[in-house]
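Engineer: give me coordinates for this.
(one chain, ligands or ions: 2)
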Amino acid sequence: MTGGTGLFVSFEGIDGSGKSTQARLLAEHLRCAGREVVLTREPGGSPGAEEIRTLVLQGDPERWSAETELLLFTAARRDHLERTIRPALARGATVICDRFADSTRMYQGLSRGDLRGAVDTLHRLMIGVEPDLTLLIDMDPEAALARAKARATAEERFEDFGLPLQQQMRAGFLALAAEFSDRFRIIDGNRPPEAVAQDVRAALQAQA
Ligand code: ADP
Ligand code: TYD
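Structural biologist: Numbers count the residues shown, from 1 in each chain. Ligands and ions are numbered 1, 2, ... in the order given. As a prediction, the model looks like this:
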């Protein structure tokens, strides 16, 4: 789908579900097996997109309108795709991305009114690729929020929206997994990291 020979894997799920932890563990596992891995994240993953990350994740929750926010996330993704993801896939690397376009379908498409049509149109125009495999780390919204809050960083614009957003996003991600069932695999995140990592590795093996 991306025109390269590498494998494109994304992690999705609500804040605090363990995506970053699992992305890192999978990268370590594949590197030990001798594969070239590019571990990256959104928003961010290239110098320009990391600058946009600061704009969208810090400050007042009402800092941006829903539409402006969608444009900023899409701009960041386009830069990430051009400068990091496509070159890596073209040389045959495995790209592991902590969040990708499914997060925009959820957070910008659902959480502040129904913008899913605009999200899909922009995606088609400016991005046009999907991961080969998307691992949804599914977990209890309250427990995930407690984990996320315990991290206490400055990047709290979305965490400030609280438990109702987490609950809405969890249901939305499960619906998205049904909509794109060909590339989504649901992983139970309510377990110790190593147990979750085992399922992640199994999902990847099934894909190969
Ligand atoms: P996300 O990227 O989905 O927000 P993180 O991987 O950053 O989630 O995890 C959020 C917090 O929860 C971190 O402090 C991390 O160490 C911890 N954590 C991650 N996975 C687990 C797990 N399976 N069980 C308990 N704590 C976890
Ligand atoms: P992230 O750093 O992955 O947060 P966490 O580790 O807590 O899950 O992402 C930060 C926030 O950005 C997260 O609340 C979801 C939001 N986000 C969007 O709203 N749209 C997007 O397209 C992406 C990639 C992230």
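
Engineer: does the helix-or-strand element of the chain with minimal mean pLDDT reach ligand 2?
Structural biologist: Every helix and strand of the chain was ranked by mean pLDDT, DSSP states H and E. The lowest is helix 141-151, at a mean of 90. Yes. Using CB under 6 Å from any ligand atom, helix 141-151 reaches ligand 2 at residue 148. Where C-beta positions appear, they are placed from N, C-alpha and C, glycine not excepted.

Engineer: remind me what that helix packs against, helices and strands.
Structural biologist: Taking 3 or more CB pairs under 8 Å, 6 or more residues apart in numbering; DSSP states H and E as contact, the helices and strands that helix 141-151 lies on are helix 162-179.

Engineer: rounded mean pLDDT for the strand or helix carrying residue 76, please.
Structural biologist: Using DSSP states H and E, residue 76 sits in helix 66-80. For helix 66-80, mean pLDDT rounds to 97.

Engineer: give me the residues contacting it.
Structural biologist: For helix 66-80, contacts defined as CB atoms under 8 Å, 6 or more residues apart in numbering pick out 40, 42-46, 48-49, 52-53, 55-56, 64, 100-101, 104, 108, 112-113, 115, 118-119, 122-123, 126-127.

Engineer: now stretch 116-135
Structural biologist: The contact list for stretch 116-135 (CB under 8 Å, 6+ apart) reads 1-2, 7-12, 22, 67, 70-71, 74, 77-78, 81, 97, 100-102, 104-105, 108-110, 177, 180, 183-185, 187, 200, 203-204, 207.

Engineer: show me the residues you listed that map onto helices.
Structural biologist: Secondary structure from DSSP state H places 22, 67, 70-71, 74, 77-78, 101-102, 104-105, 108-110, 177, 200, 203-204, 207 of those in helices.
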